[in-house]
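# Below are the sequence and a predicted model for it; my questions follow.
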Amino acid sequence: MGGQRGRGAVALAAAVILAGTPVCSVTAFGEPEAGEVTRVWNFEDGDQGWVYDDSWSGDSFQGGGGCEYDREKGMLRLNLDYSLNTDNSYSQTGVCLAEEEGIDFSPYKVLNFDVYYEPEAFTTGQLVVKAFSDNIFGDQSCRVMETPAEDVDGLKLVNVSLSCDEKYAQRERPGKLMLLIIGEYTDYHGYVWLDNITLSNVKKEKFLKETTVPVKTKTVISGSEGALNVNGTSFAYAKEVKLADPNADAQTVALYQYLKAVGESDATLYGHMEDTVLKAGAAELSDSDTEDVTGSLAAIVGMDCGGLFGGFAGKYNERHPGAEIPDTNEGNIRAAALFSNEAIERGAIVTLSSHMPNFSGTCPYSIRRTLSFTTTVPETSLISAGTLPCSASETTILIAHRTISLISTS
């Protein structure tokens, strides 16, 4: 029976129990070590080319902002006001260094810098800092108020360390290095200082050390026609499951039988958005942060089509030399389908979601957009490759003639 065959295949989905906990490094700065190669912006004689840059802010940051050289402290000082964005989880501004010939990251492994903030300048939320320079730093970030800090002359000092992706550092030469200061539900209104921005080939740990615990998946899972086996214990598949769709096919029924069996075990299915697409850790380890830490992909891989999977084509091409998928709406959707199929073939359950615009009607004008295109992916079905049986030879993702209207209520 198709459903029974599906259950056996679905049971391959990885139930991930974390074998260790990833930690963020905090760097101690000091004199260069023997053999250390550095590039340093210590602001002893001015801003050294760093300027305020809110080009990525959009509507997320509505307060005032600015950047100037603080001669008294010998640091770069930002004047920031997030008080108009206390209901925003991602209110972004920052500073940047631009070099026409491009910035050479090839000798370096890490970016270190000091962040000073005023503890009395906010009552809620916090600041998050990130670095952006093409693909050099991935999606790493530091939650400033949650990071160990030192008290210095009434300010809090946080040392931040972000790893350079060595693969991209060798082949990319970005024109900009941006340090992004992101407000997260905060009313922070005051100064933030940056100092000792340093690129180095040596990582120096102040509070934490790199783990020496080997990566190992602790949950062993297998499936048969009638039961799920977790670490030697069997959990029978329910003979019937009640679904909202009375016409659900055998593959869908099998998936929910599997999920119900997992719920009866003591294992947990760990989920991670875009687990094989976006990455904070080093690219040379694997394509998944979860796999770096646990030895296997996330059991559930979420795919979000907000922005129509913008940037997915580029990511796919980087990992599949010669693919040459175009950076278009159709190309990005195709890449998302291919990424999904790869995760499914390795046992993951894939979910699809979409971050939609805010239709609260607070905008003082009308917006009308029509999206209409179809892309055909000559691969197995998104929901059926590897994990579930399917006779289809291609998948069609259709964003049909949909009109999105936002009408002002003012």
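That came through fine. Nothing here was measured: the structure is a model prediction, and the numbers come from that model.

# Only C-alpha atoms, please: export stretch 61-69 in PDB.
In PDB, the C-alpha atoms belonging to stretch 61-69 read as follows (Å, rounded to 0.1, in the frame of the first residue of the first chain):
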ATOM      1  CA  PHE A  61      14.600  52.800  11.600                       C
ATOM      2  CA  GLN A  62      12.600  56.000  12.000                       C
ATOM      3  CA  GLY A  63      14.700  57.700  14.600                       C
ATOM      4  CA  GLY A  64      17.600  60.000  14.100                       C
ATOM      5  CA  GLY A  65      21.100  58.700  13.600                       C
ATOM      6  CA  GLY A  66      24.600  60.000  13.000                       C
ATOM      7  CA  CYS A  67      28.300  59.100  13.300                       C
ATOM      8  CA  GLU A  68      31.300  61.300  14.200                       C
ATOM      9  CA  TYR A  69      34.800  61.000  15.600                       C
END
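
# Identify all contacting residues around it.
Identification of contacts with stretch 61-69 by C-beta atoms under 8 Å, 6 or more residues apart in numbering yields 43, 46-47, 50-52, 54, 76-85, 91-93, 95, 183, 189. No exception for glycine: its C-beta is placed from N, CA and C like everyone else's.

# and that stretch, how far from the chain's centre?
26 Å (C-alpha atoms, centre = their mean, to the nearest Å).

# Same check on stretch 288-305?
Relative to its chain's centre, stretch 288-305 lies at 11 Å (C-alpha atoms, centre = their mean).

# Let's test this: mean pLDDT of that stretch, rounded?
What stretch 288-305 shows for mean pLDDT is 90.

# how about that stretch as PDB, C-alpha atoms only?
Below are the C-alpha coordinates for stretch 288-305, written out as PDB (Å, rounded to 0.1, in the frame of the first residue of the first chain):
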ATOM      1  CA  SER A 288      24.000  23.200   7.700                       C
ATOM      2  CA  ASP A 289      24.700  24.800  11.100                       C
ATOM      3  CA  THR A 290      22.600  22.000  12.700                       C
ATOM      4  CA  GLU A 291      24.800  19.300  11.000                       C
ATOM      5  CA  ASP A 292      27.900  21.100  12.200                       C
ATOM      6  CA  VAL A 293      26.700  20.700  15.800                       C
ATOM      7  CA  THR A 294      24.700  17.400  15.800                       C
ATOM      8  CA  GLY A 295      26.000  15.400  12.900                       C
ATOM      9  CA  SER A 296      22.700  15.500  10.900                       C
ATOM     10  CA  LEU A 297      20.300  18.000   9.300                       C
ATOM     11  CA  ALA A 298      17.400  19.500  11.200                       C
ATOM     12  CA  ALA A 299      14.400  17.000  11.100                       C
ATOM     13  CA  ILE A 300      12.200  19.800   9.900                       C
ATOM     14  CA  VAL A 301      13.500  22.400   7.400                       C
ATOM     15  CA  GLY A 302      11.400  25.500   7.000                       C
ATOM     16  CA  MET A 303      11.400  27.400   3.800                       C
ATOM     17  CA  ASP A 304      10.100  30.900   3.700                       C
ATOM     18  CA  CYS A 305       9.100  32.600   0.400                       C
END
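
# Which among the contacts of stretch 61-69 count as buried?
The neighbour-count test (16 or more other C-beta atoms under 10 Å) marks 43, 47, 50, 52, 54, 76-78, 80-83, 85, 91-93, 95, 183, 189 as buried among the contacts of stretch 61-69.

# Right, I'll call it a day here.
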